[in-house]
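J.: sharing a sequence plus its predicted fold:
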Amino acid sequence: MEPTFTSPVRILVIEDNAADVELLRMALEDAQLPADISVLQDGGAALAVFHEAPNLSPAPDLIVLDLNLPKYDGLELLEAARSSARFGSTPIAILSSSSSPREQTRIGAFGRVMYITKPPELDAYLAIGVKLRDFLLETWRCAASGK
Amino acid sequence: MTLHRRGSNSSHWRNMPIRRKLLLIMMMTTGAALVLSGVGIVASDSILFRGYLERDITALARIIGDNCTGALAFDDPHAAGETLATLKARAHVEAACIYRTNGAQLASYLRPQHAGLCPATLSPDAYTASAADSFRMTAYDLTITHPVILKGTPLGSLIVIYDYDELRQRIQLYSATVFAVLLAASFVAFLLASGLRAVIVNPLTTLVNTAGTVSATRDYTVRAPKATNDELGVLVDAFNEMLSGIQSRDADLRRALDERSAALLDAENARDSLATTLASIGDAVISTGEDGRVVLVNPAAQGLLRRPENQLIGKPFDDVFQTIDEHTRDPLSSPVDRVLREGAPKGAGTQALLVTRDGTEIPIDESCAPLRDSQGHVHGAVLVFRDVTSRRRADETSRLLAAIVQSSDDAIIGHTLDGVITSWNQGAQRIFGHTAQEMIGKPSSVLAPKGQDEMPGVLARIRAGERIDQYLAAGCTRDNRAIDISVTVSPLYDAIGRIIGASRIARDVTEQVRATERLAALNADLKRSNERLARSNEDLERFAFVASHDFQEPLRMITIYSQMLIRSYPGTANAKAEMCVENIVSGTQRIRELLADLLAYTEAGADTEASHHSVDLNVVLEKAKQNLAMPIAETGANITSDVLPTFHGYEGHFIPLFQNLIGNALKYRSSATPEIRIHVRHAGNELMFSVADNGIGISPEFHDKIFVAFKRLHGKQIPGTGIGLAICKRVVERYGGRIWVESQEGQGATFVFTLPRVLEITSDTEGTINGTNLHEPSSHSGD
């Protein structure tokens, strides 16, 4: 039973590579996840958003964060998001071009985070959409059961 | 008893003060005169009175006799009695009797209580004899016999007895009177004498007091006051003269005494100080008499001769003091004998050994001198000697030190505090070239290049009591060669601890200094090139890291979008285009693999806090096997391993190590099913691991090359980047180990690496690193 989404999921994508953003859209489409995607292209802009007042706009349902960003890298942004009231519990998917065990260990220390290595193959890349959808559903289920 | 009393009396008399004596004499004189005159008066009066009494009684007897003539004549007793009775008027007539011529009593008168006084008859003799009056006296009475004659014819006799009471009473009266006079006269005499004796006694008392004072106080300046010019005055004068004589003589005597006692005190002090000196000096002193026998020996000498004083005094000197020549060991002649014989002092003997009673031989210095009295006559000898053992030792030590100084390779140079050179050893000559004759007396600046003499500054610090430890200085030799010297300067002290100079020890370190300089230059070069290397290494690592990360992105894009090109437009692309895309994909795939290995290689050398983690190599082996699950399954390889130890380290380092070694064994397999054996054993301070396979093996000529990054022995038929073993080598060396291969071509290969045991974490409970456990293989089949 594939779950269905009645309204588009609001996703904040922090990624400087437009080609990657395009691939991500395709992957979400393949996974039939209706998404309202907004994109920030550098770490500075993302950090500004994370430091915004909490009542300005509702937090997105999911943040997709590239690790390798101009100005501030993904880890710094992850810390900033987790220390802000607004993004403190938002599910975050980290996308990285290389699988470094050390990075994975550091990221694993934060909750509600998924680590995904950007696959070097088209089919594998498009499968990311399903991974994001499952991660989101799992997160919601956990939140609903109060864990 | 009597004698004693007399003695006591006479001594009492002698001891009696003169004033009392005088009083007594005067009183006795007066008394005696009075008593004698009294007795004379009484005696003369009694004699006179008795004569008067005899005459009176004779007269009375004549009257009575006359009155009785008639009675007698008529033989009338009554008349006679009446006549006699008239005698009653006379109280002192005791009795009266009248006798007839025949002696018969005619009549009598008797006073009461006096009966019987008259004889009844009178003897004819008495009658006849009494032609005249006769008296008969007794102690108590006077009897008078008076013949009664009438005209020449005797008629009878009258006897009257008269008592002496009257006389006695008279004497008593006189005696009382005389006694009373005596008393009165005595009293008067006492008063007079008391008054008058002062004239004599007072000057005497004064004189006596003066004499007493003088004798008590020995103060001869006192003078008795003179009051009169009589004999007492003369006596006082004489006394005073005598006193002044005594005074002057006493002063003389005292002066003489003082002088004498001062002289005695001096003599005593001299004797005491001599005795103290002898007792306290360190030198041994023996003196002998003329006969060569010991008369005095001080404690130091007793100590050296090992005998107490009582065993030495009086002994012949030669018996207690024997010396031998230190070199010939012949007995030496007694110095005392010679001095006594020749009368001249004998100087310090040399090389004499004193042989003591217990056989000890003590090196001594001795000198002997004659003792002379005031006439210059030799009456003894004194020998002074001392133990010179310590001096000999000091001499030997200083000779030894001098020899050491002379033979030292270092220059040892003595300086005054002004820098003037006072000593110069052979080492100094060798280093600086100057001889001792040339240098002694020269200033220190001679030894330094012009203007570089550091000694004045150093000596100033030495003067302040500092010791200057090793420093480097510039020196200058005789032939003007510049040398480097290592110098230590110490202060030199005199006997009472004053700094009087400095000793400079210098060593020629020119060669060392040059070598050090060369070394320092080399070190600096090395450091520079090391830094360059480190910098370039760092750059390289950064480059490799960045490349491996950042190159992934575009490569990924190339691959994905090439694939998308075919997929998005199916039908439009032909088979050739598809082949082109496949080549693009495989080319980028290959670059990615290279980059991944480059990243692994970089990370193997990157600084991590490796020692903070513990790595269980059994877990590492499992993970490596999981990563290789596909090739293991494909080849059906059999992998066995000992129980592996746990290490301090980082897991991310060890997984590639095991993965590459096992992966190589799988990759370079022979036609047989791969058999991979992993062993570990102790080898000294290291743990030695071996990974042995039954693969194609490696020719020994390539054993070193295979560990170089990107070096490959095989072509494309066996895929690989050629970096796997370089990563292994990097990991092992990073932990202080070594890695090598033991192999022959076609005979399999055994990769061996070591890790230091200090990194091993030993478990007390399990003891997995015990030899037995380590060598007991536990099978891990590659499934």
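T.: Structure received. If you're wondering where the values come from, they're calculated on a predicted model, not measured in any experiment. Residues are numbered from 1 along each chain as shown, chains lettered A, B, ... in the order given.
J.: quick check: residues of chain B near chain A?
T.: Counting by Cβ under 8 Å from any Cβ of the partner chain, chain B comes close to chain A at B:548-550, B:552-553, B:555-557, B:559-561, B:563-564, B:567, B:588-589, B:592, B:596, B:599, B:652. All C-beta atoms are positioned from the backbone trio N, CA, C, and that covers glycine.
J.: now, the residues you listed that are in helices?
T.: Among the residues of chain B next to chain A, DSSP state H puts B:548-550, B:552-553, B:555-557, B:559-561, B:563-564, B:567, B:588-589, B:592, B:596, B:599, B:652 in helices.
J.: of the residues you listed, select the buried ones using a PyMOL command.
T.: To isolate the buried ones among these in PyMOL, judged by 16 or more other Cβ atoms under 10 Å in any protein chain shown, type:
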select buried, chain B and resi 548+549+552+553+555+556+557+559+560+561+563+564+588+592+596+599+652
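J.: and the residue in the stretch 201-350 of chain B that chain A sits nearest to, its phi and psi?
T.: Residue nearest to chain A within the stretch 201-350 of chain B (Cβ to the nearest Cβ): residue B:282, separated by 87.7 Å. The phi and psi values for residue B:282, taken as degrees, to the nearest 10, are phi -70, psi -20.
J.: tally of neighbours for the nearest residue to it once chain neighbours are set aside?
T.: Nearest residue to residue B:282, sequence neighbours excluded (Cβ to Cβ, 6 or more residues apart in numbering or on different chains): residue B:300, at 6.0 Å. Residues lying near residue B:300 (other Cβ atoms under 10 Å in any protein chain shown) number 21.
J.: got it, and the one 10 residues further on?
T.: By other Cβ under 10 Å, 8 other residues sit near residue B:310.
J.: average model confidence for the one helix or strand residue B:154 maps to?
T.: Using DSSP states H and E, residue B:154 sits in strand B:153-163. Across strand B:153-163, the average pLDDT comes to 81.
J.: direction included, what does that strand pair up with?
T.: strand B:93-100 (antiparallel), strand B:141-150 (antiparallel) (DSSP bridges).
J.: who touches it?
T.: Strand B:153-163 has contacts (Cβ atoms under 8 Å, 6 or more residues apart in numbering or on different chains) with B:53, B:57, B:60-61, B:64-65, B:68-69, B:72-73, B:87, B:92-101, B:106, B:114, B:117-118, B:122, B:126-127, B:130-131, B:140-149.
J.: okay if I get the strands paired with strand B:153-163 as TSV plus distance to residue A:105, mean neighbour count and mean pLDDT?
T.: Listed next are the strands paired with strand B:153-163 as TSV, based on distance: least, Cβ to Cβ, whole Å; neighbours: other Cβ atoms under 10 Å in any protein chain shown; pLDDT from 0 to 100:
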stretch	distance to residue A:105	mean neighbour count	mean pLDDT
strand B:93-100	189	25	83
strand B:141-150	187	20	80
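J.: just put those strands in a markdown table and tack on distance to residue B:364.
T.: A markdown table is the format used below for the strands paired with strand B:153-163 (distance: least, Cβ to Cβ, whole Å):
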| stretch | distance to residue B:364 |
| --- | --- |
| strand B:93-100 | 132 |
| strand B:141-150 | 127 |
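J.: right, and those - which one's nearest residue B:514?
T.: Of all these, strand B:141-150 sits nearest to residue B:514, with 175.4 Å by Cβ to Cβ.
J.: just how off-centre is the closest one within its chain?
T.: Mean C-alpha position of strand B:141-150 versus that of the full chain (Cα atoms, centre = their mean, to the nearest Å) differs by 128 Å.
J.: stretch B:446-461 too?
T.: Put simply, stretch B:446-461 sits 49 Å off its chain's centre (Cα atoms, centre = their mean).
J.: that stretch spans what distance, first to last residue?
T.: Terminal residues of stretch B:446-461 lie 20 Å apart, using Cα to Cα, to the nearest Å.
J.: what residues does it touch?
T.: The contact list for stretch B:446-461 (Cβ under 8 Å, 6+ apart) reads B:413, B:415, B:417-419, B:421, B:432, B:434, B:439, B:444-445, B:468, B:473-476, B:482, B:489, B:502, B:504.
J.: hey, where'd the strands end up in chain A?
T.: A:9-14, A:35-40, A:62-66, A:92-96, A:113-117 (DSSP state E).
J.: least trustworthy helix or strand in chain B by mean pLDDT?
T.: Least confident helix or strand of chain B, by mean pLDDT, DSSP states H and E, is helix B:771-775 with a mean of 42.
J.: actually chain A, sorry about that
T.: Lowest by mean pLDDT, DSSP H and E among the helices and strands of chain A is helix A:101-108, with a mean of 76.
J.: mind listing what's buried in that helix?
T.: Neighbour count says helix A:101-108 has A:103, A:107 buried, by 16+ other Cβ under 10 Å.
J.: how far does it sit from its chain's centre?
T.: For helix A:101-108, the distance to the chain centre is 16 Å (Cα atoms, centre = their mean).
J.: can you check stretch B:353-367 too?
T.: Worked out by Cα atoms, centre = their mean, stretch B:353-367 lies 33 Å from the chain centre.
J.: just the buried positions in it, please.
T.: So for stretch B:353-367, counting by 16+ other Cβ under 10 Å, buried means B:353-356, B:362-367.
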